[in-house]
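Visitor: How does the following fold in three dimensions:
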Amino acid sequence: MTATFPTAPDKHALEHGAALAPRFDANGLIAAVATHAGTGEVLMFAWMNAEALARTLETREAHYFSRSRGELWHKGATSGQVQVVTEARIDCDQDCVWLKVLPQGDGGACHTGARSCFYRIVADGKLVEQP
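Guide: Here you go, the predicted model:
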């Protein structure tokens, strides 16, 4: 699958138009943040390429692009922690995606087994794990 999205003709169309015209970076990626649709908790940050974004919108399950593996990644395909997308938003200049998701499986989002990838706080310059 090769996904393509239109390019906005101008700033007004980008910021106020009805066309989804994501602005991918020089590597063909766009930032994506996933939050829990029920609680609002930030679950994870990842990258998407055009194919990942298109598959996410088509299937209503989160797909991302793994920079370390250089490949498309269907969240939960091996862990069971599929993210069912209830809403997809894009920011004002269309260079960041926000997914509201309902995590499946054990409800986790992080590869470490934590519910959220943001399980540590910075306190006095050190990382402290928080539930």
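Visitor: ok, the residue nearest in space to the middle of the chain - contacts?
Guide: Centre of the chain computed as the mean C-alpha position; nearest residue by C-alpha atoms, centre = their mean is residue 32, 3.2 Å away. For residue 32, the contact set (C-beta atoms under 8 Å, 6 or more residues apart in numbering) comprises 45-48, 53, 64, 96-99. Bear in mind the C-beta positions are built from the backbone N, C-alpha and C, glycine included.
Visitor: Assign a three-state SS to the nearest residue to it once chain neighbours are set aside, would you?
Guide: Nearest residue to residue 32 in three dimensions, chain neighbours excluded: residue 97, at 4.3 Å (C-beta to C-beta, 6 or more residues apart in numbering). The local conformation at residue 97, judged by DSSP: H, G, I helix; E, B strand; the rest coil, is strand.
Visitor: Quick check on residue 11: phi, psi?
Guide: With angles defined as degrees, to the nearest 10, residue 11 sits at phi -60, psi -40.
Visitor: One more: residue 52?
Guide: According to degrees, to the nearest 10, residue 52 has phi -60, psi -40.
Visitor: any idea how far it is from residue 127?
Guide: Residue 52 is 29 Å from residue 127, where distance means C-beta to C-beta, to the nearest Å.
Visitor: same check, this time on residue 19
Guide: 42 Å.
Visitor: any chance you could map the helices in the chain?
Guide: 11-16, 50-59 (DSSP state H).
Visitor: Mind checking those helices for the one nearest to residue 104?
Guide: Closest to residue 104 of the helices of the chain, according to C-beta to C-beta: helix 50-59, at 13.2 Å.
Visitor: hmm, who's touching that closest one?
Guide: With C-beta under 8 Å, 6+ apart, helix 50-59 has contacts from 1-5, 22, 24, 28, 30, 32, 48, 62-65, 72-74, 85, 88, 97, 99.
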